[in-house]
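In: Attaching a predicted model along with its sequence, questions to come.
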Amino acid sequence: MSVLVVADHDLGQLSPATARVVHAVSQLGTVDVLVLGHDTTGVAEKASKLAGVQKVLCAQSLGTAEADVSVVEALAKGYHIVAQSANSCGKDRLPRLAARLDIMPVTDIVEILGSNRFVRPIYAGNALQTVTDPQPRHLLTIRASAFPPAANGNAAPVETIDVPVVSAAQLIATHRTESDTPDLAAAQIVVGGGVALGSAENFQLIARLAKKLGAAIGATRAAVDAGYAPNDWQVGQTGKIIAPDLYIAIGISGALQHLAGIQGAKKIIAINNDPEAPLVKLADVALIGDLFELVPQLIAELDQKLP
Ligand SMILES: Cc1cc2nc3c(=O)[nH]c(=O)nc-3n(C[C@H](O)[C@H](O)[C@H](O)COP(=O)(O)OP(=O)(O)OC[C@H]3O[C@@H](n4cnc5c(N)ncnc54)[C@H](O)[C@@H]3O)c2cc1C
């Protein structure tokens, strides 16, 4: 089977998610990687090093999902499978492509059982569904955090292709949120805060602990809705899916919609004054007490140990 993986990249860097998607689908067949955009030489070079990649294709695009999809659509007929990370770009592109190709996509795949059998979460991650896709061609989005990355060391050829781009939409501007903390979706440590923090000022406590640990900052929807944290920090069913080595959840009850976003976390520490909170029960380690006492103590300890 032939597979086309649409790469994710930003600021000239190949997203770590693409290496994981390549690893996931390389068990299905030979993988070509498509890099869309301008000045993508560095990205293409990194993609060419990934194990399992047969060829890297570079094509121009206009930066809109519509334009990207017109290119992928032109190439898709040469492949049995088109795959992409289940991030916001994948969620934007794949349904459009599915409509154009009249193929039902299979989304949010966390396990691949065979050439057309896939496992995906349903009911906000409370159950796993095994799907058999009987269509001759497949469109897939892959939850990158569920798979290890492909190894480096390959030297696949890079080819520039000329595919006409069709788009009524035009990209006028891109606004970037600047931050000195790691990207939430890729961070190894995440410190998350809940509505119990009580204000945006108090959320600085979370930021101080995160900075000390080199961690990304997450928040519950209740904290975001209350205006204590920006929208792009939200973790959960309607926020970001994270898979850090360590998640420190502070003043977070552990509602199902929040848990849906942290299932990939390898270790969880909960700080909460309620020993019965669902997240306390789920955590590997729980500190029971007032967060306004425990977190400053923790920061003070770390100040001594990690100057
Ligand atoms: C359709 C839908 C989608 C949703 N999507 C999301 C989502 O993506 N992400 C998300 O997070 N939520 C989501 N929610 C909301 C979710 O249901 C919960 O309301 C939310 O996660 C609760 O946030 P919280 O834990 O901050 O608040 P609470 O549930 O109020 O929990 C606060 C916790 O802090 C503890 N606490 C209070 N004071 C202190 C203190 N001083 N010291 C220590 N602990 C203290 C309490 O014991 C409690 O456990 C969604 C809801 C719906 C209906």
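Out: Great, that's in hand.
In: So what's the residue count around the residue in the stretch 1-150 of the chain positioned nearest to the ligand?
Out: Checking the stretch 1-150 of the chain residue by residue against the ligand with Cβ to the nearest ligand atom singles out Ala124 as nearest, at 7.7 Å. (C-beta placed from N, C-alpha, C; glycine too.) Residue crowding around Ala124 was assessed by other Cβ atoms under 10 Å; the count is 16.
In: which parts of the stretch 101-250 of the chain sit against the ligand?
Out: Contact residues of the stretch 101-250 of the chain with respect to the ligand, defined by Cβ under 6 Å from any ligand atom, are listed as 194-196, 220-223, 234-239.
In: Would you list the buried entries among these?
Out: Neighbour counting by 16 or more other Cβ atoms under 10 Å classes Gly194, Val195, Ala196, Thr220, Arg221, Ala222, Ala223, Gln234, Val235, Gly236, Gln237, Gly239 among these as buried.
In: Please list all residues in contact with the spatially closest residue to the fourth one that is not a sequence neighbour.
Out: Yep, that's Thr220 we're talking about. Nearest non-adjacent residue to Thr220, counting by Cβ to Cβ, 6 or more residues apart in numbering: Gly194, 4.6 Å away. By Cβ atoms under 8 Å, 6 or more residues apart in numbering, Gly194 lies in contact with Ala219, Thr220, Ala222, Ala223, Ala249, Ile250, Gly251, Ile252, Ser253.
In: So which of the residues you listed sit within helices?
Out: Those of these mapping onto helices are Ala222, Ala223, per DSSP state H.
In: so how far is Val72 from the residue in the stretch 51-200 of the chain that the ligand sits nearest to?
Out: With Cβ to the nearest ligand atom as the measure, the residue in the stretch 51-200 of the chain that lies nearest the ligand is Gly194; the distance is 2.7 Å. As defined by Cβ to Cβ, to the nearest Å, Gly194 lies at a distance of 39 Å from Val72.
In: what does Val31 give?
Out: Relative to Val72, Val31 is positioned 15 Å away (Cβ to Cβ).
In: cool, His80 as well?
Out: Between His80 and Val72 the distance is 14 Å, computed by Cβ to Cβ.
In: neighbour count winner among the two?
Out: Neighbour totals were compared for His80 and Val72, and Val72 leads with 25 against 18 (other Cβ under 10 Å).
In: Enumerate every residue touching the more buried one.
Out: Remark: with contacts taken as Cβ under 8 Å, 6+ apart, Val72 is in contact with Leu4, Val6, Leu34, Leu36, Val82, Arg93, Leu97.
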